[in-house]
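A.B. asks: The sequence isn't on hand, but the structure is:
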């Protein structure tokens, strides 16, 4: 099977320099329609919710954050995230925003959204978003970013649901020489975590 797209040397250099990349198409319209049908069915069925494999979602913004702020403090990561909108992504309905070159910094302090420990989502402290870039895309386009890249999506102010398919790729994480303290994750007491713990306890009893 032939690849749908092939990145140019200029695009690859842009990703390494700026920390993100946005492309107009990574797949076909037919595959987008197929993915959208599966996406809607899984959410309608609330698939995996009782096992803690579904996060509580709302139509609000996803605040500025770094993905690595959620991860294991003892590991060093070499990862890339691919965000694929399944309908047109615009500033009105919540396209991806990035702060160029923010991937060069360490993991910043974060806190649960609204400082509410019941919320799984994290928000980075004191972000200067004056240099932020919006990445509007057609269905089946994609953005790419690494785990320390500051990114954000605004609230969906359109009349249609915003659907996005997110993929993660990486090499095996390596043990860090020194651990870090992501104290913000210890503060969380979310309903999703309670469901996951309950499901794990039930499995252990079998």
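C.D. replies: Cool, the structure landed. Remember, it's a predicted structure, so these values are computed and weren't measured experimentally.

A.B. asks: what residue ranges in this protein score low on pLDDT?
C.D. replies: Across the chain, the stretches falling below the confidence threshold (pLDDT under 70) are 1, 46-58, 191-197, 199-201, 203, 206.

A.B. asks: Mind doing that once more with 80?
C.D. replies: Scanning the chain for pLDDT under 80 picks out the ranges 1-4, 43, 45-58, 60, 189-206.

A.B. asks: Strands along the chain, start to end?
C.D. replies: Here the chain has its strands, by DSSP state E, at 20-23, 62-65, 75-76, 79-85, 96-98, 110-112, 122-124, 133-135, 142-145, 151-153, 164-170, 174-175.

A.B. asks: how distant is stretch 132-146 from the center of its chain?
C.D. replies: Centroid displacement of stretch 132-146 relative to its chain, using CA atoms, centre = their mean, to the nearest Å, is 12 Å.

A.B. asks: Kindly apply the preceding question to stretch 145-156 instead.
C.D. replies: For stretch 145-156, the distance to the chain centre is 7 Å (CA atoms, centre = their mean).

A.B. asks: Enumerate the positions of that stretch that are buried.
C.D. replies: 145-154, 156 (16 or more other CB atoms under 10 Å). For the C-beta atoms, the positions are set from N, CA and C on the backbone; glycine is no exception.

A.B. asks: So what touches the top helix by length along the chain?
C.D. replies: In the chain, taking DSSP state H as the definition, the longest helix is helix 29-45. Contact partners of helix 29-45, identified using CB atoms under 8 Å, 6 or more residues apart in numbering, comprise 84, 86-87, 139-140, 163, 165.

A.B. asks: The residues you listed into TSV, with extra columns for distance to residue 16?
C.D. replies: Shown next, in TSV, are these (distance: CB to CB, whole Å):
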residue	distance to residue 16
84	21
86	28
87	30
139	27
140	24
163	29
165	24
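
A.B. asks: In the longest helix of the chain, which residues are buried?
C.D. replies: Of the residues in helix 29-45, 32, 35-36 count as buried by neighbour count, 16+ other CB under 10 Å.

A.B. asks: Measure how that helix sits relative to strand 164-170, angle-wise.
C.D. replies: Comparing the axes of helix 29-45 and strand 164-170 via axes from the mean of the first three to the mean of the last three CA atoms, to 10 degrees yields an angle of 100 degrees.

A.B. asks: quick one, helix 29-45 and strand 79-85 angle?
C.D. replies: Using the same axes, to 10 degrees: helix 29-45 against strand 79-85 is 90 degrees.

A.B. asks: Check the offset of helix 29-45 from the chain's centre.
C.D. replies: 18 Å.

A.B. asks: Over to stretch 89-107?
C.D. replies: Put simply, stretch 89-107 sits 11 Å off its chain's centre (CA atoms, centre = their mean).

A.B. asks: Could you dump the strands of the chain into JSON lines and include distance to residue 205?
C.D. replies: Compiled in JSON lines, the strands of the chain are given as follows (distance: least, CB to CB, whole Å):
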{"stretch": "strand 20-23", "distance to residue 205": "45"}
{"stretch": "strand 62-65", "distance to residue 205": "36"}
{"stretch": "strand 75-76", "distance to residue 205": "30"}
{"stretch": "strand 79-85", "distance to residue 205": "35"}
{"stretch": "strand 96-98", "distance to residue 205": "42"}
{"stretch": "strand 110-112", "distance to residue 205": "31"}
{"stretch": "strand 122-124", "distance to residue 205": "32"}
{"stretch": "strand 133-135", "distance to residue 205": "47"}
{"stretch": "strand 142-145", "distance to residue 205": "41"}
{"stretch": "strand 151-153", "distance to residue 205": "40"}
{"stretch": "strand 164-170", "distance to residue 205": "32"}
{"stretch": "strand 174-175", "distance to residue 205": "33"}
